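Participant: no sequence on hand, only this structure:
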């Protein structure tokens, strides 16, 4: 295990095992980061062909809507509640999927097979999930939603999160 920053811990041993203590570390780290999230990466670097991560996102974190142009991603909920928002290219809410751990009567797993703008809205203090995505990570292959806040303004970010909190199908930010 290697701590790369307050937002990234990397496991790249021959076998990677995670326990409650490791998850507690990313929960603690997520409070101390600018974006209120942190992760454990199981891939050795951003050039790997498969990226697997445990990610912790704190309530109030702004995750800019984006779509991945050339990759598939999946998410499995470990703990907490969130909503997955899927948007049209012009920013209308197309679908809202309530996420929660197995046994919560919510969706606990999803896979995005095609490029679509998406984001998460965290409903509990923390939301922890396992994400799998094709690598390598190439920033140019992720399109950020042009109709969403850039992430630089805490006020705009909070305004967008407030929109998500009450958004219904068809709504546009």
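Facilitator: Received, thanks. Quick caveat: nothing in here was measured; it's all calculated off a predicted structure. Residues are numbered from 1 along each chain as shown.
Participant: quick one: the most centrally placed residue in the chain from residue 68, how far?
Facilitator: With distances taken as Cα atoms, centre = their mean, residue 120 lies nearest the centre of the chain, 6.2 Å away. As for residue 120, its distance to residue 68 is 14 Å (criterion: Cβ to Cβ, to the nearest Å). Backbone N, C-alpha and C define where each C-beta goes, glycine included.
Participant: just residue 128 next, same as before
Facilitator: Counting by Cβ to Cβ, the separation of residue 128 from residue 68 is 21 Å.
Participant: which ones are touching the nearest residue to residue 22 once chain neighbours are set aside?
Facilitator: For residue 22, the nearest residue in space outside its immediate sequence neighbours is residue 40; the separation is 6.2 Å by Cβ to Cβ, 6 or more residues apart in numbering. The contact partners of residue 40, by Cβ atoms under 8 Å, 6 or more residues apart in numbering, come to 9-11, 18, 22-23, 26, 53-54.
Participant: can you check residue 76 too?
Facilitator: 108-109, 129-131.
Participant: can you tell me the helix or strand for the residue nearest to the centre of the chain?
Facilitator: Residue 120 is located in strand 117-122, with elements delineated by DSSP states H and E.
Participant: quick one: average pLDDT of the helix or strand containing residue 76?
Facilitator: Element membership for residue 76, per DSSP H and E: strand 73-79. Taken as a whole, strand 73-79 has a mean pLDDT of 97.
Participant: and it, which strands flank it?
Facilitator: Looking at strand 73-79 with DSSP bridges, its partner strands are strand 109-112 (antiparallel), strand 126-134 (antiparallel).
Participant: test my guess that residue 63 contacts residue 119.
Facilitator: Yes: between residue 63 and residue 119 there is a contact under Cβ atoms under 8 Å: 4.9 Å.
Participant: where does pLDDT dip in this protein?
Facilitator: Per-residue confidence of the chain (counting by pLDDT under 70) places no residue in a weak region.
Participant: how far away is residue 172 from residue 50?
Facilitator: Between residue 172 and residue 50 the computed distance is 35 Å (Cβ to Cβ).
Participant: and if you look at residue 144?
Facilitator: Applying Cβ to Cβ, the value for residue 144 to residue 50 is 23 Å.
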